[in-house]
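S.K.: Next come a sequence and a model predicted from it.
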Amino acid sequence: MITSPTSTTDSPAAAGDAPAVVLDALRRDFAVRSRRPGSLRRERRTVRAVDDLTLTVRRGEAVGFVGANGAGKSTTIKMMTGILRPTSGSVSVLGREPVPERRHLAREIGVVFGQRSQLWWDLPLRESYRILAAMHRLTDSARERRLERLVEGLGLEEFLDRPVRQLSLGQRMRGEVAAALLHSPALVVLDEPTIGLDMVSKEGLRRFLQEDRAERGTTLFLTTHDMGDVERLCERIAVVNHGSVAFDGTITAFREHLDSPRELIVDLAEPRETLALPAGAATDAVEAEGIRHRIRFSGTALTVPALLEAIGAQASIRDLALTEPAIEDLVRQVYARGKEPARGAGPGDEPDQGPDRA
Amino acid sequence: MPRVSAYWSVARASFRQYSTYRMATAAGVFTNSVFGLIRASILLAAIHAAGGELRGYDALQAATYVWLGQALLAPIEAFGTREISQRVHQGDVAVDLLRPTHLLGMFYAQKLGRAGFLLLARGIPPMLVGAVLTGLALPSDPLSYLVGAACLLLAITVAFLGDAMINLASFWLVETRGLSVVYMAVMNLLSGFLIPIAWFPDWLAAIARATPFPSMVQTPIDALSGRIPPIEALALLGEQTAWALVLTVAAVLMLRIGVRSLEVQGG
């Protein structure tokens, strides 16, 4: 039985109790025709974009769906939204079957495709919201109330009356997110929402998505290349590789599963040749004549405070920086290890690792 | 079904959107008028050579036919549109399919808003130019205007559906430009836009009358100019309605099959 998520404050009560997303042994093949050089006959071969993908997202959860290009992320989203039929396996979104119920589902989900626009190019941004609100049958007062929140939260005020084609990428993406959230959908699907955005725009977008989710208890399903997105927005990460889930668990479990070394950079007040470090940490390099020490340590064996305490006992620290392994590196490691979930981190091995299951 | 208000707001927005293209509108009015003058000169010369009347058209009626044709050019978009096919090819159709409204309904609403503006901004000026330069034969029966307006709405609808079907071929064709060019050539001729269908050789007129094309241009012109009295025009109105229904079914079916192949094969 699915318990209601504890992380949400005010979950949409009318939404029913089917999980937000159930993907079961989902498979999708594409026929690719290509012409060999020198041959007139076109060769037909089958490419499997999604292969036996199984994933359940409970209501109110936020899941980061990550993987390299061509891992099958977008194909999965297309099957979830009903614009692509699975070759085999089943999809259920908010208790509905996406393909036959696509238009019904469109009322209950909000989708942002980072590379496509759902706004009307030549019209002022405000006009797009008026049309979308009419499509979703919002009353005037409901529209104004929701729009006020979106305008304030996403900072749309200054360009609300400008035609969409005149907006910068960052402004447009904020506009796109508002368009997807206007009808207060129970499930928000974001496909690369921060692609091409600068740090400030990214942060603004993430902050609002987080706020809106906290306010409404929305389910968030996010594909991205950006570990920052996942870390800020999601409690759970699902890594897809070659069309199937290679890892599924919390972000912390993900890091621990990989146990990839973290790096601490300390600048000391006085130069020092060496630092005595506890087990699990090692000096990588000493720079600036003993001022800067680069220390590599294992996240599972050692906590940052413990490490800092050990260093602080020997020298006074003037400055420090902590670098996390990039998602690309982590994902690459998952790929290198293959599909087999490691002990304690795979979804099947430890069913109570999610933040929401008591 | 979504409330009418969604379609209404799209139509209204589309009207307003086109009203911002002032330069394009002015250029269009100018071109329509110049070509109207050229076409009127040719037709008038033909009628003069024929001795003042040619198959039911005298000079004033022929001039009226030309100016009404020029006025309808923009609203019915006789040169075709490419928006739907481009959205299919670029994959943006996915966004359209994820809206809670019907895709064709949305594009039709957009078309109506656009046609509304084009009728006013691109339709009326050539009529004024014609009234000044050649004179117009306008109907005396007020009923002609009423039936004419209904014919016009259906002409826009039938033209939209034909054009939409050509665009929807993009679900199967990598490039629809060739198809579109052939369609426009056939449509411009058989609709009675280039020369009145009454001037066609009998065999061609028979072919034309078996197609929906006359419903797009010849019918509204005949009804609006009063060349066909309002009671007779009602029969044409019925024919237009029948074509609108047939083409709606065909276009909806085509879209359904197209979307299905998109779902199955991927875009």
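M.R.: Perfect, I can see it now.
S.K.: From residue A:136, how far off is the residue in the stretch 51-200 of chain B positioned nearest to chain A?
M.R.: Closest contact between the stretch 51-200 of chain B and chain A, by CB to the nearest CB, is at residue B:100 (4.3 Å). For the C-beta atoms, the positions are set from N, CA and C on the backbone; glycine is no exception. Between residue B:100 and residue A:136 the distance is 6 Å, computed by CB to CB, to the nearest Å.
S.K.: Need the residues touching each of those two.
M.R.: Contact criterion CB atoms under 8 Å, 6 or more residues apart in numbering or on different chains; residues bridging residue B:100 and residue A:136 by contacting each: residue A:107.
S.K.: Using CSV, list the CA coordinates for stretch B:34-49.
M.R.: Provided in CSV are the C-alpha atoms of stretch B:34-49 (Å, rounded to 0.1, in the frame of the first residue of the first chain):
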residue,chain,number,x,y,z
VAL,B,34,-2.0,46.4,-58.2
PHE,B,35,-2.6,42.8,-59.2
GLY,B,36,-6.4,43.5,-59.1
LEU,B,37,-5.8,46.3,-61.6
ILE,B,38,-3.8,44.0,-63.9
ARG,B,39,-6.4,41.2,-63.7
ALA,B,40,-9.3,43.6,-64.2
SER,B,41,-7.5,45.0,-67.3
ILE,B,42,-7.1,41.5,-68.8
LEU,B,43,-10.6,40.5,-68.1
LEU,B,44,-12.1,43.7,-69.4
ALA,B,45,-10.1,43.5,-72.6
ALA,B,46,-11.4,39.9,-73.1
ILE,B,47,-15.0,41.1,-72.5
HIS,B,48,-14.5,44.0,-74.9
ALA,B,49,-13.1,41.7,-77.5
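S.K.: Over to the residue of the stretch 51-200 of chain B closest to chain A. Which of the three states is it?
M.R.: Assigned by DSSP: H, G, I helix; E, B strand; the rest coil, the conformation of residue B:100 is coil.
S.K.: still on that earlier bit, out of residue B:100 and residue A:136, which sits in the busier spot?
M.R.: Per other CB atoms under 10 Å in any protein chain shown, whichever of residue B:100 and residue A:136 has more neighbours is residue A:136, with 23 against 19.
S.K.: for the closest residue to the more buried one other than its chain neighbours, what are its contacts?
M.R.: Of all residues not flanking residue A:136 in the chain, residue A:183 sits nearest, at 3.8 Å (CB to CB, 6 or more residues apart in numbering or on different chains). Residue A:183 makes contacts with A:107, A:110, A:132, A:133, A:136, A:138, A:146, as judged by CB under 8 Å, 6+ apart.
S.K.: Next one: the residue of the stretch 151-267 of chain B found nearest chain A from residue B:83, what distance?
M.R.: Closest residue of the stretch 151-267 of chain B to chain A, CB to the nearest CB: residue B:263 (4.3 Å). Applying CB to CB, the value for residue B:263 to residue B:83 is 22 Å.
S.K.: again, but for residue A:156
M.R.: 26 Å.
S.K.: which residue ranges form the strands in the stretch 1-150 of chain B?
M.R.: With DSSP state E, counting those that start in this stretch as the criterion, the stretch 1-150 of chain B has strands at B:53-54, B:57-58.
S.K.: mind listing what the first one pairs with, with the direction of each?
M.R.: Strands adjacent to strand B:53-54 in the sheet, as given by DSSP bridges, are strand B:57-58 (antiparallel).
S.K.: got the contact list for the nearest residue to residue A:251 once chain neighbours are set aside?
M.R.: Using CB to CB, 6+ apart and skipping the chain neighbours, the partner closest in space to residue A:251 is residue A:237 (5.4 Å). Contacts for residue A:237 (CB under 8 Å, 6+ apart) come out as A:63, A:64, A:66, A:230, A:247, A:248, A:249, A:250, A:251, A:254.
S.K.: swap in residue B:83?
M.R.: B:107, B:167.
S.K.: Do you know the pLDDT at it?
M.R.: We have a pLDDT of 93 for residue B:83.
S.K.: Get me the contact residues on the stretch 151-267 of chain B for chain A.
M.R.: Neighbours of chain A within the stretch 151-267 of chain B, by CB under 8 Å from any CB of the partner chain: B:262, B:263, B:264, B:265, B:266, B:267.
S.K.: nearest to residue B:55, of these?
M.R.: When these are ranked by distance to residue B:55 (CB to CB), residue B:262 comes first, at 48.0 Å.
S.K.: Next, the buried residues of stretch A:241-255.
M.R.: Across stretch A:241-255, burial judged by 16 or more other CB atoms under 10 Å in any protein chain shown covers A:241-251, A:253-255.
S.K.: before we move on, what about stretch B:144-152?
M.R.: Applying 16+ other CB under 10 Å to stretch B:144-152 flags B:144, B:147, B:148, B:150, B:151, B:152 as buried.
S.K.: Skipping adjacent residues, who's closest to the residue of the stretch 51-200 of chain B closest to chain A in space?
M.R.: Residue B:100 sits nearest to residue A:106 (CB to CB, 6+ apart), 4.3 Å away.
S.K.: picking up where we left off before, report the mean per-residue pLDDT for the helix or strand hosting the residue nearest to residue A:251.
M.R.: Secondary structure assignment for residue A:237, by DSSP states H and E: strand A:236-241. For strand A:236-241, the mean pLDDT works out to 90.
S.K.: got the phi/psi numbers for the nearest residue to residue B:81 once chain neighbours are set aside?
M.R.: Excluding the flanking residues, the one nearest residue B:81 by CB to CB, 6+ apart is residue B:163, at 5.7 Å. Per-residue torsions, residue B:163: phi -60, psi -40 (degrees, to the nearest 10).
S.K.: do residue A:35 as well
M.R.: Backbone torsions for residue A:35, taken as degrees, to the nearest 10, come to phi -100, psi 120.
S.K.: measure it to chain B for me?
M.R.: 14 Å (CB to the nearest CB, to the nearest Å).
S.K.: Also residue A:125?
M.R.: 12 Å.
S.K.: and that residue, how many residues sit next to it?
M.R.: Going by other CB under 10 Å, the residues that sit close to residue A:125 add up to 24.
S.K.: so what's it up against?
M.R.: A:119, A:156, A:159, A:160, A:161, A:162, A:163, A:164, A:167, A:175.
S.K.: burial count for the second one?
M.R.: By the criterion of other CB under 10 Å, residue A:156 has 20 neighbours.
S.K.: my guess is it meets residue A:173, correct?
M.R.: No. If you go by CB atoms under 8 Å, residue A:156 and residue A:173 don't touch, sitting 11.1 Å apart.
S.K.: picking that back up, of the contacts of residue A:125, just say which sits nearest to chain B.
M.R.: residue A:163 (8.3 Å).
S.K.: who's in contact with the closest one?
M.R.: The contact partners of residue A:163, taken as CB under 8 Å, 6+ apart, are A:121, A:122, A:123, A:124, A:125.
S.K.: now these as CSV including secondary structure?
M.R.: As requested, those are exported to CSV (three-state DSSP):
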residue, secondary structure
A:121, coil
A:122, coil
A:123, coil
A:124, strand
A:125, helix
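S.K.: Now restrict the residues you listed to buried residues only.
M.R.: Judged by 16+ other CB under 10 Å, buried ones among these: A:122, A:123, A:124, A:125.
S.K.: Could you check how far the second one is from residue A:165?
M.R.: The spacing between residue A:123 and residue A:165, counted by CB to CB, is 9 Å.
S.K.: Spell out, range by range, the helices that occur in chain A.
M.R.: Remark: helices assigned in chain A by DSSP state H are A:73-81, A:102-108, A:125-135, A:140-154, A:169-181, A:199-216, A:227-233, A:251-258, A:304-312, A:327-337.
S.K.: Comparing these, which stretch has the densest surroundings?
M.R.: When you average the neighbours per residue for each of the helices of chain A (mean count of other CB atoms under 10 Å in any protein chain shown), helix A:73-81 leads with a mean of 24.
S.K.: nearest to residue B:110, of the contacts of residue A:125?
M.R.: Using CB to CB, the contacts of residue A:125 come closest to residue B:110 at residue A:119, 14.3 Å.
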